[in-house]
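structure for this input, please:
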Amino acid sequence: MILQLFFVTCTMMCVSLGEMPNFDVIEKQCLNNLGYDEDIIKHENNLLSEDNEDMKTFFGCVWKEKGFQREDGSINFNSIYEIIISESKLSSQFESAYIAIQAIVSCRDVEGDDNGDTVIKVYNCLFEKVLEYDEEFKNIFVK
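From the prediction side, this is the model:
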């Protein structure tokens, strides 16, 4: 259940669980424009490396092109919410909405040193919070 929601979250952010991603058109365009190879994605335990400047630049490009980050560097959480809800396969829309909203509220004030750093930190925050709120949902609503 949670893996399905997180897979949606990961897919919109270019990382799949434990595997190299399948890059979409926008991601390939950012790779080409920046002159990066597909092996740029570095993660450990599904968290993205926060000390890789090339990866920050790449994710900043992707998120801006996909509408997840505005030109001023702020995160467009409405877009993130919409894609999680529209593509998640959880048992109910209520569960998807609960987890997405709780995670977004927890991560909405996360900021980095620059736009790419913010993207990486928000991604990592969302990853951790989605897991946390999935467990909380089960404890509260599933008996």
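
rest of the way, CA atoms for contacts and neighbours
OK.

beyond the lowest-mean-pLDDT helix or strand in the chain, next helix or strand please.
Least confident helix or strand, the chain: helix 2-12 with a mean of 46, by mean pLDDT, DSSP states H and E. Following helix 2-12 in sequence order, the next helix or strand is helix 25-34 (DSSP states H and E).

report the buried residues of that next one.
27, 28, 30, 31 (16 or more other Cα atoms under 10 Å).

show me which of those is closest to residue 76.
residue 27 (18.1 Å; Cα to Cα).

quick check, pLDDT for that closest one.
Residue 27 is assigned a pLDDT of 92 by the prediction.

hang on, it packs against residue 62?
Yes. In this structure, residue 27 is within contact of residue 62 by Cα atoms under 8 Å, at 5.8 Å.

export the buried residues of helix 25-34 to TSV and tack on distance to residue 112?
Shown next, in TSV, are the buried residues of helix 25-34 (distance: Cα to Cα, whole Å):
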residue	distance to residue 112
27	21
28	24
30	21
31	22
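
chain center to the helix ranked longest in the chain, what's the gap?
Ranked by number of residues, the top helix in the chain under DSSP state H is helix 115-141. Mean-position distance between helix 115-141 and its chain equals 9 Å (Cα atoms, centre = their mean, to the nearest Å).

can you list the weak-confidence ranges in the chain?
1-21, 88-91, 143 (pLDDT under 70).

and for residue 44, the neighbour number?
8 (other Cα atoms under 10 Å).

run through the bridge partners of it.
Taking DSSP bridges as the rule, residue 44 bridges to residue 47.

residue 103 and residue 121, how far apart?
13 Å (Cα to Cα, to the nearest Å).

cool, and residue 107?
9 Å.

which residues are in contact with residue 34?
residue 58 (Cα atoms under 8 Å, 6 or more residues apart in numbering).

what do you get if the cut-off is 10 Å, keeping everything else the same?
28, 54, 57, 58, 61 (Cα atoms under 10 Å, 6 or more residues apart in numbering).
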